[in-house]
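Engineer: just a sequence and a predicted model for now, questions to come.
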Amino acid sequence: MQISYDLNGALDRTLRETASRTDGFDEDFSPEIRPADLRFGDYQANGVLPFAKKHGLNPREMAERLMEALGEDESLDVDIAGPGFLNFRFTPAFRLAWMQKYSSIQDFRKAFQAGRKPFRVVVDFSSPNTAKQMHVGHIRSTIIGDVISRLFNFGGNEVTRDNHIGDWGTQFGILILAIKRSTINLDDLGEDGIAELEDLYREGNQLIGEDESLRKEARSELVKLQQGEKESLAIWEKVNAISSASFSKVYDRLGIRFDEILGESFYRDKVNAVYEGLTKHDICEESDGAMVVFHQEHKRFAKQPFIVRKSDGASNYATTDLATVCYRTDELGAEEIVYVTDGRQQDHFSQLFLTTEKWFAAEGKTVPRLRHVWFGTILGEDNKAIKTREGQPIKLLDLLDEAISRAKVIVRQKNPELDESEMEKRGRIIGLGAVRYADLSQDRTLDYVFSWDKLLALQGNTAPYLQYAVARIRSIFRKLEIEPGSGEEDASVLVTESENVLARKLIYFPSVLEQTAHELKPHHLCGYLYELATDFSSFYNADKVLVDESDIRARRSLLCARTLLIMETGLDLLGIETLAKM
Ligand code: ARG
């Protein structure tokens with residue numbers, strides 16, 4: 001057996017290849033490699049048992065056959081556990097060689113990209129609606145989308161980050177109605193114009209709630225806008241300019257950038273092609289004057305229509321999204337499109353994807369890979385959707401500012417002597433890192449409770465804890481008076497338990513990246529970095545780095561350097577900055 005250094009699927013490949021020349025196995029066999037419990041080894045192959053059961057074979061015997069066929073390998077010990085699991089444990093010499101081999105971000109990048117063809121991907125994220133301020137709910141799409149873009153980029157793919165702003169929706173009917181009925185002059189609105197627009201929108205909503213004829217009027221305002229009436233367009237443009245200015249503040253604060261900001265309105269002259277295409281290929285039908293699509297093969301969508309044109313002739317969210325898929329495929333060359341929104345839009349995207357598949361197939365076009373990356377709700381400490389004390393949504397900008405000022409208080413307590421600009425810098429890095437990490441460290445499909453105390457804690461699965469681990473390793477190198485990485489070639493083979501436990505954790509990094517990118521779930525990476533920081537801490541408490549024996553010192557400082565490299569690479573993928581001192 002020969003295990004290659006890049007463990008990304010190396011074990012899986014080796015086992016498949018070995019099985020293919022072992023009696024009783026066939027292509028049906030999948031090794032099912034998983035990280036193993038510390039007691040059993042580094043990795044475990046769980047696939048023999050289900051395979052043997054399915055084919056009426058004795059699992060233990062099959063596992064023995066496979067183990068025999070694998071033969072000896074000096075980097076790995078193999079044994080059989082229970083009814084037919086294979087356990088693999090790397091030797092200390094292999095662990096050392098692995099660490100010496102992966103010595104830069106570039107090495108991890110190469111391993112991550114190995115054997116894969118790069119593709120063009122559009123990540124559709126953040127995408128707030130204009131005329132409203134971004135509130136705390138928008139943080140999830142913005143941050144998760146940013147991290148997903150970073151992961152794709154790390155994989156060597158061509159990524160387009162697209163902010164699909166909601167600037168063409170029903171809110172404009174209501175807002176234009178309210179603006180026309182008010183005495184406000186949009187040109188006089190200052191810096192905080194967005195707040196006034198929000199008030200107007202709220203008033204408009206109240207108005208139409210009480211009066212059927214105003215409801216009609218709002219609808220006709222929207223139609224007028226969609227038909228390009230001058231006065232409506234002028235109002236619309238001003239509203240969008242005010243909105244963009246307020247979004248930019250949030251993006252600047254968070255360090256988020258986009259390659260494209262193509263809002264819904266960008267597609268307004270592209271919706272006719274949607275109607276024509278769907279009609280020509282008999283994909284849509286008429287229902288009460290509206291144009292709808294049913295999917296007979298689907299349990300719910302056979303009856304629940306996907307409305308692509310409203311009965312008043314107006315386009316809607318579905319229409320612009322269909323036009324958008326088309327544009328991204330034809331003009332941007334997208335081979336994959338990822339949409340990051342909350343879980344309530346799952347039906348919309350399922351219907352969008354089904355409709356796109358049929359439409360593109362009828363046109364003989366390749367359908368890009370379409371994925372909806374959805375997330376749950378942020379809850380307040382009362383377990384209800386988070387709100388201000390007055391019951392209003394929390395403004396994202398306020399939340400970020402509060403994170404920074406709370407972090408500064410903590411920094412000041414620890415280091416009262418710091419000058420103001422350093423205090424500011426650390427407060428920003430720790431505060432923003434904490435908010436980001438709180439979001440990313442939860443399985444995105446779950447709701448999570450937002451708690452200042454928890455996310456800023458220096459202990460536990462938090463950004464400050466990880467940032468602190470990084471700063472601590474940096475300080476070790478200051479004490480050693482060497483650069484991380486220097487003298488590594490003098491390292492001797494790992495001996496102690498905690499050296500081996502830490503190295504074992506380091507080796508998991510490529511497979512964690514793999515899993516994170518496969519599921520597009522950043523919490524896998526977060527959980528891993530947290531475990532790594534904990535293992536590092538145990539190692540550092542158990543084994544002295546600054547010892548006289550130069551080979552021991554070299555191998556322990558190698559462990560420090562690799563932990564640092566992986567922590568920094570991982571945090572960078574999460575968009576979290578680190579500090580040399582904390
Ligand atoms: N503007 C929408 C919202 O606030 C999200 C848009 C997501 N992207 C898309 N192509 N539908 O819910």
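Structural biologist: Arrived safely, thanks for sending. Only a predicted model underlies this, so the values are computations on that prediction, with no experimental measurement involved.
Engineer: helix/strand/coil for residue 50?
Structural biologist: Assigned with DSSP: H, G, I helix; E, B strand; the rest coil, residue 50 falls in the helix class.
Engineer: now for residue 27, how many residues are close by?
Structural biologist: Here the count is done by other C-beta atoms under 10 Å, and residue 27 has 8 residues near it. (Glycine included, C-beta is placed from N, CA and C.)
Engineer: repeat for residue 399
Structural biologist: 20.
Engineer: ok, which stretches of the protein are strands?
Structural biologist: 33-35, 43-45, 76-81, 85-90, 120-124, 158-162, 285-287, 290-293, 306-309, 336-342, 369-375, 378-379, 448-449 (DSSP state E).
Engineer: using TSV, lay out these together with mean pLDDT, mean neighbour count and distance to the ligand.
Structural biologist: Below are the strands of the chain laid out as TSV (pLDDT from 0 to 100; neighbours: other C-beta atoms under 10 Å; distance: least, C-beta to the nearest ligand atom, whole Å):
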stretch	mean pLDDT	mean neighbour count	distance to the ligand
strand 33-35	89	17	35
strand 43-45	93	22	39
strand 76-81	92	16	46
strand 85-90	94	22	43
strand 120-124	98	25	5
strand 158-162	98	22	8
strand 285-287	96	12	23
strand 290-293	98	20	16
strand 306-309	97	22	13
strand 336-342	98	22	5
strand 369-375	98	18	9
strand 378-379	94	18	15
strand 448-449	94	16	19
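Engineer: show me what from the stretch 51-200 of the chain comes close to the ligand.
Structural biologist: 124, 127-129, 164, 166 (C-beta under 6 Å from any ligand atom).
Engineer: and the two most separated of those?
Structural biologist: 124 and 129 (14.1 Å; C-beta to C-beta).
Engineer: ok, residue 154 to residue 116 distance?
Structural biologist: 12 Å (C-beta to C-beta, to the nearest Å).
Engineer: those two: which is more packed in?
Structural biologist: Higher neighbour count among residue 154 and residue 116: residue 154, with 19 against 11, using other C-beta under 10 Å.
Engineer: so what's the more buried one scoring on pLDDT?
Structural biologist: Looking at residue 154, its pLDDT reads 97.
Engineer: that one against residue 109, yeah?
Structural biologist: Yes. Here residue 154 reaches residue 109: they are 6.1 Å apart, a contact under C-beta atoms under 8 Å.
Engineer: count the neighbours of residue 572 for me.
Structural biologist: Neighbourhood size, residue 572 [other C-beta under 10 Å]: 14.
Engineer: pull the contacting residues for residue 205.
Structural biologist: residue 174 (C-beta atoms under 8 Å, 6 or more residues apart in numbering).
Engineer: where does it land on pLDDT?
Structural biologist: 91.
Engineer: ditto for residue 8
Structural biologist: Looking at residue 8, the pLDDT reads 68.
Engineer: if we can go back for a sec, which members of the residues of the stretch 51-200 of the chain next to the ligand occur in helices, if any?
Structural biologist: Among those, no member falls in helices (DSSP state H).
Engineer: which one of the residues you listed is nearest residue 378?
Structural biologist: residue 128 (15.3 Å).
Engineer: could you tell me the phi and psi values at the closest one?
Structural biologist: When quoted as degrees, to the nearest 10, the phi and psi of residue 128 stand at phi -70, psi 170.
Engineer: how about the residue in the stretch 351-500 of the chain that the ligand sits nearest to: what's its closest non-neighbour residue?
Structural biologist: Closest to the ligand within the stretch 351-500 of the chain is residue 352: 7.9 Å, counting by C-beta to the nearest ligand atom. Leaving aside its chain neighbours, residue 352 sits nearest to residue 321 (5.3 Å; criterion: C-beta to C-beta, 6 or more residues apart in numbering).
Engineer: now the helices for the stretch 151-300 of the chain?
Structural biologist: According to DSSP state H, counting those that start in this stretch, the stretch 151-300 of the chain carries its helices in the segments 171-181, 193-210, 212-226, 230-254, 271-280.
Engineer: next one: the fourth one to chain centre, how far?
Structural biologist: In terms of C-alpha atoms, centre = their mean, to the nearest Å, the gap separating the centre of helix 230-254 from the centre of its chain is 26 Å.
Engineer: near the ligand at all, it?
Structural biologist: No. Legend: contact between helix 230-254 and the ligand by C-beta under 6 Å from any ligand atom is lacking; minimum distance shown is 11.8 Å.
Engineer: which residues touch that helix?
Structural biologist: 126, 128, 130-134, 138, 142-143, 146, 165, 167, 172, 175-176, 179-180, 186-187, 189, 193-194, 197, 221, 224-225, 256-258, 261, 263, 396-397, 400-401, 432, 436.
Engineer: who touches residue 415 in this structure?
Structural biologist: residue 423.
Engineer: tell me how far residue 567 lies from residue 556.
Structural biologist: 16 Å.
Engineer: so these two - more neighbours on which side?
Structural biologist: residue 556 (25 against 21).
Engineer: tell me who's in contact with the residue nearest to residue 536 when sequence neighbours are not counted.
Structural biologist: Spatial nearest neighbour of residue 536, excluding adjacent residues (C-beta to C-beta, 6+ apart): residue 563 at 4.8 Å. With contact taken as C-beta under 8 Å, 6+ apart, residue 563 is in contact with 469, 473, 502, 506, 532, 536.
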